[in-house]
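Sequence and computational prediction follow.
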Amino acid sequence: MDASTSPSSLLVAIPLAPLIGALINLVLGPWLERKLGRWVIHTIAIAAVGFAFVVAAYLVFGPLLQLFHEGNGGVGITQVAYTWIEVGAFKAQLAFRLDTLSAVMILIVTFVGSLIHIYSAGYMAHDPRYSAFFGYLNLFTGAMLILVLGANLPVMFIGWEGVGLCSYLLIGFWFENESYATAGRKAFVVNRIGDFCFLLGMFLCSTSSSRRSSTTCSRCRTRGARATSTRSTRCPTRRGSRTGSGRGR
């Protein structure tokens, strides 16, 4: 198995852990807060991001570092969760890739994100929507990790949309204040402009690659036709020369 497809079942756990933490805090957070106290909310959120950092550090300083020493650090580690879209020749897989560039980013996101979660436990201690804030913060971290680890443009777009949504939710978290609500709406509009440019870039890349492949195929067909015509032209001459020489003898 080559380095380009070296699997690691732990790779998907990096963005999945904060997403699970977000799901727990957003769905069960108010109930857990009433039954057990607020400490459960920030413990789940911090543990989710901390676990993602531990897994990221293991993969970066373990398998990826070994590939780097072998000269394949730029190729990295890939894990395919499942085939997401498959239409004709087009196939988009829910896949994640860890290489030397994304390694730097996931270490920064998970480590700094852990510190932000720890700081927020005290900063937001008296906020009435405590569980919602940590749910949004976990969701933001998970979306950022999907954006960084996405192995193709559709998966990166999922992370991009998640980051944009969480930016709107976090900037406008105290929406009772008009200035904060206005800032959240501005962030939402700016993100939609970014969405349009992202989609435009995806379509241009897809069109360019399809044109390139069709041009390559047409060139291959032309060369094959020329080779076939050349062989058919040469063969009767060779046969005739061989027949004539045999008759002469």
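Sure thing, it's come through. These numbers were taken from a predicted model, which means no experiment stands behind them.

where does this structure have low pLDDT?
For the chain, applying pLDDT under 70 flags the ranges 1-8, 73, 209-249.

Outline the domain layout of it.
What automatic domain parsing lists as the domains of the chain is 3-171, 193-249.

Just send these back as TSV, with mean neighbour count and distance to N177 too.
Every C-beta, even on glycine, is put in place using the N, C-alpha and C of the backbone. What follows is the domains of the chain, written out as TSV (neighbours: other C-beta atoms under 10 Å; distance: least, C-beta to C-beta, whole Å):
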stretch	mean neighbour count	distance to N177
domain 3-171	18	11
domain 193-249	10	25
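
is it possible to export these to a markdown table including distance to Y180?
Compiled in a markdown table, the domains of the chain are given as follows (distance: least, C-beta to C-beta, whole Å):
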| stretch | distance to Y180 |
| --- | --- |
| domain 3-171 | 7 |
| domain 193-249 | 21 |
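
Which one, of those, ends up nearest to R185?
domain 3-171 (8.0 Å; C-beta to C-beta).

Make sure I have this right: W84 is in a strand.
Yes: according to DSSP: H, G, I helix; E, B strand; the rest coil, W84 belongs to a strand.

any idea how far H126 is from it?
42 Å (C-beta to C-beta, to the nearest Å).

tell me, what residue is most central in this structure?
Against the mean C-alpha coordinate of the chain, by C-alpha atoms, centre = their mean, the closest residue is G150 at 1.1 Å.

contacting residues around the nearest residue to that residue once chain neighbours are set aside?
Nearest residue to G150, sequence neighbours excluded (C-beta to C-beta, 6 or more residues apart in numbering): M156, at 3.7 Å. By C-beta atoms under 8 Å, 6 or more residues apart in numbering, the contact list for M156 reads 146-147, 150.

now the helix or strand hosting W31: how far from the chain's centre is it?
Element membership for W31 (DSSP states H and E) is helix 13-36. A distance of 23 Å separates the centroid of the chain from that of helix 13-36, by C-alpha atoms, centre = their mean, to the nearest Å.
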